[in-house]
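**Student:** let me see the structure of the following:
(one chain, ligands or ions: 1)
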Amino acid sequence: MAFFTQPRLEVLFDKEAIAKRVAALGKEITQHYRDDVAGPDGRGLVVVGILKGSFVFLADLVRHIDLPVQIEFMGCSSYGDATESSGAVQVTQDLTKPVSGRHVIVVEDIVDTGLTMRYLLDNLQSRGPKSLKVASLLEKPEKNRANIKVDFLGFSIPDQFVVGYGLDAGGLYRNLPFVGLVLPDTAGQS
Ligand code: IMP
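**Tutor:** As a prediction, this is how the structure comes out:
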């Protein structure tokens, strides 16, 4: 029984498809960093989740990374409740530890225009990490105007607004276990 009214959604990526892709990304990340971060001198990988949208993806992804991992979060808001990027990024929460000399992966839910990620990468780069890469569940390549390279990508999608698996519309739907496309409300039409 549903306890709240969902928008009309078309499932783009279901639970199983996401789980499979996230497991593959975790494996890819493990292989990429294994020699650098896991040896006796290795200090582990720093995974920086961007709040709030990345929390579901990050929680699943890190459980597929077979390396010493430290988790940090950055709070960042660029959207308010609107569905178009304003380009203005506000940092609402910062890292708790320095990342100088560390291998860092920034984890996002979606790279849309890329303006948020460009700001975050410039910000983190200025702190002197040993390496800095991007993992994102989704990207909208048609919209990316900040020249962001997503090193570890879940799925590319067309320029459409999606919710679920961490992604919200007006703060809701982050808890849906799938990624869905919000369809126009046709209630009352036949
Ligand atoms: P960008 O700065 O345009 O790349 O926007 C990135 C942020 O916008 C993401 O972290 C999301 O919070 C939000 N966003 C962009 N596209 C969508 C979408 O389709 N659904 C939900 N949030 C989105």
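**Student:** for the protein, which residue is closest to the average position?
**Tutor:** residue 108 (1.9 Å; C-alpha atoms, centre = their mean).
**Student:** and it, how far is that from the ligand?
**Tutor:** According to C-beta to the nearest ligand atom, to the nearest Å, residue 108 and the ligand sit 5 Å apart. Heads up, the C-betas are built off the backbone N, CA and C, glycines and all.
**Student:** looks to me like residue 28 is in a helix.
**Tutor:** Yes. The assignment for residue 28 is a helix, going by DSSP: H, G, I helix; E, B strand; the rest coil.
**Student:** quick check, pLDDT for it.
**Tutor:** Residue 28 is assigned 98 on the pLDDT scale.
**Student:** and it, how far from residue 61?
**Tutor:** 10 Å (C-beta to C-beta, to the nearest Å).
**Student:** more neighbours: the two, which one.
**Tutor:** Applying other C-beta atoms under 10 Å to residue 28 and residue 61 shows that residue 61 carries more neighbours, namely 24 against 16.
**Student:** about what we covered before: the residue nearest to the centre of the chain is in what secondary structure piece?
**Tutor:** strand 103-111 (DSSP states H and E).
**Student:** in its sheet, what does that strand sit against?
**Tutor:** strand 45-51 (parallel), strand 131-139 (parallel) (DSSP bridges).
**Student:** hang on, isn't residue 110 packed against residue 141?
**Tutor:** No. Look at residue 110 against residue 141 with C-beta atoms under 8 Å: they stay out of range, at 11.5 Å.
**Student:** circling back: quick check: closest non-adjacent residue to the residue nearest to the centre of the chain.
**Tutor:** In this structure, residue 108 finds its nearest non-sequential neighbour in residue 136, 4.4 Å apart by C-beta to C-beta, 6 or more residues apart in numbering.
**Student:** what parts of the protein come near the ligand?
**Tutor:** Within the chain, the positions adjacent to the ligand are 53, 78-79, 85, 108-117, 161-163, 167-168 by C-beta under 6 Å from any ligand atom.
**Student:** just these: which are in helices?
**Tutor:** Among those, the ones falling in helices (DSSP state H) are 115-117.
**Student:** among the residues you listed, which ones are buried?
**Tutor:** 115-117 (16 or more other C-beta atoms under 10 Å).
**Student:** can I get the lowest-mean-pLDDT helix or strand in the chain in CSV, CA atoms only?
**Tutor:** Scoring the helices and strands of the chain by mean pLDDT, DSSP states H and E places strand 90-93 at the bottom, with a mean of 89. Included here for strand 90-93 are C-alpha records, laid out as CSV according to Å, rounded to 0.1, in the frame of the first residue of the first chain:
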residue,chain,number,x,y,z
GLN,A,90,27.1,27.3,-1.9
VAL,A,91,29.2,25.1,0.3
THR,A,92,27.1,24.2,3.3
GLN,A,93,29.4,21.6,4.9
